[in-house]
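Enquirer: with the sequence up front, the predicted model follows.
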Amino acid sequence: MIKIKEEWKINENLYECPFCARQYSKSGIGTHIWRKHTIEGKRHKPDTNIGYKLGIRKATNHFIKAKQKGINLKVSKNFRLKMSKIRTGKKLSQSHKKSISKGMKRAVIEGRHKVIKPGGIGCNVFKFKNLEGIQFHIQGTWELKFVEFLNDKKIKWQRNFKSFEYLYENKNHKYFPDFYLIDYDIYIEVKGYKTEKDIAKWRDFNKKLDIVDSKWIFKLDEWYENFRANNSVVESRSHKPLVVGSSPT
């Protein structure tokens, strides 16, 4: 049995795994650690079909329906090879690619896209207002902690919707820093993991950028002292409220 430690607690509802930084409820964090980070848990293989066997869930395909009737259907080797061949190397049409790209860009602009951490784990998304009452989608508890701090310190901020091009693995990509601090004319990236792709983003970024990583996120008062020592308010900067789809000029 996993003992839940207070140091894992982020807030009343969330706990962070000390091994992989994934976030779960109090009832889920112990199960996660046991299954993913203990030898016994990794060896455990739960019966994923128990719902069907107990009749709790309805059968959803002809294999399960056949099994319930006592018929053992088998997929032939030729059929498996045929399906594998169909899927392997399958290419999307240009129109399909454009449609996906358009949808993703719209999601980014509207702040609806769900961040995927390394390992394929998505962040929780929160709605939060800045000092001017503009509501943004905040991705993950670290970002939420950061913008709460900014509001507490009366620091004007906006979620950033402006993209910046960078080169990675000989391909052009678009980088969206997380936030923009209006009075300091500086972009902010809240980053828990640093990858080679991140290094490429920051290498090609030609604006002022500050990285709030795991070193600072739980010491934001210290971060702010260090930030103010290295950055000053841009007195002459005019400010217009940033609307969804626009960017600071």
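Expert: That came in fine, so what should we check first?

Enquirer: from the chain's centroid, how far away is stretch 66-83?
Expert: How far stretch 66-83 lies from its chain's middle: 38 Å, per Cα atoms, centre = their mean, to the nearest Å.

Enquirer: for that stretch, the averaged confidence score.
Expert: Average pLDDT, stretch 66-83: 76.

Enquirer: do stretch 218-236 as well
Expert: On average, the pLDDT along stretch 218-236 is 89.

Enquirer: starting at the chain centroid, how far to that stretch?
Expert: Mean C-alpha position of stretch 218-236 versus that of the full chain (Cα atoms, centre = their mean) differs by 26 Å.

Enquirer: where's Ile33 relative to Cys17, distance?
Expert: Between Ile33 and Cys17 the computed distance is 6 Å (Cβ to Cβ, to the nearest Å). The C-beta positions use only the backbone N, C-alpha and C, and glycine is treated the same way.

Enquirer: between these two, point out the one with more neighbours.
Expert: Taking other Cβ atoms under 10 Å, Ile33 and Cys17 do not tie; Ile33 has more neighbours (22 against 17).

Enquirer: and the more buried one, how far is that from Glu12?
Expert: Taken as Cβ to Cβ, the span from Ile33 to Glu12 is 20 Å.

Enquirer: what's the answer for Tyr184, then?
Expert: 32 Å.

Enquirer: then Ser84?
Expert: Going from Ser84 to Glu12 by Cβ to Cβ gives 48 Å.

Enquirer: neighbour count for these two, which is higher?
Expert: With neighbours defined as other Cβ under 10 Å, Ser84 and Glu12 compare such that Ser84 has more, 9 against 6.

Enquirer: that one in helix, strand or coil?
Expert: Using DSSP: H, G, I helix; E, B strand; the rest coil, the secondary structure recorded for Ser84 is helix.

Enquirer: who touches it in this structure?
Expert: If a contact means Cβ atoms under 8 Å, 6 or more residues apart in numbering, then Ser84 has no contacts.

Enquirer: how close does it sit to Asn78?
Expert: 11 Å.

Enquirer: contact partners of the strand or helix carrying Asp221?
Expert: Assigned by DSSP states H and E, Asp221 belongs to helix 220-230. Around helix 220-230, the neighbours that count as contacts under Cβ under 8 Å, 6+ apart are 145-146, 149, 153, 210, 212, 216.

Enquirer: His96: neighbour count?
Expert: With other Cβ under 10 Å as criterion, His96 counts 10.

Enquirer: need the contact list for it.
Expert: With Cβ under 8 Å, 6+ apart, His96 has no contacts at all.

Enquirer: and the strands in the protein?
Expert: Remark: strands assigned in the chain by DSSP state E are 15-16, 23-24, 116-117, 121-122, 125-129, 135-139, 157-159, 164-168, 171-175, 179-181, 186-190, 209-212.

Enquirer: per-domain residue ranges of the chain.
Expert: The chain resolves into domains spanning 6-46, 96-230 when parsed by automatic domain parsing.

Enquirer: need the winner for burial among the ones you listed.
Expert: Compared across the domains of the chain, domain 96-230 shows the largest average neighbour count, a mean of 15 (mean count of other Cβ atoms under 10 Å).

Enquirer: what about that domain, start to end distance?
Expert: With Cα to Cα, to the nearest Å as the measure, domain 96-230 spans 46 Å from end to end.

Enquirer: same thing with stretch 14-24?
Expert: End-to-end distance (Cα to Cα), stretch 14-24: 6 Å.

Enquirer: now stretch 198-209
Expert: 13 Å.

Enquirer: how far does it sit from the chain's center?
Expert: Using Cα atoms, centre = their mean, the offset of stretch 198-209 from its chain centre is 19 Å.

Enquirer: ok, stretch 25-40 next?
Expert: Mean-position distance between stretch 25-40 and its chain equals 21 Å (Cα atoms, centre = their mean).
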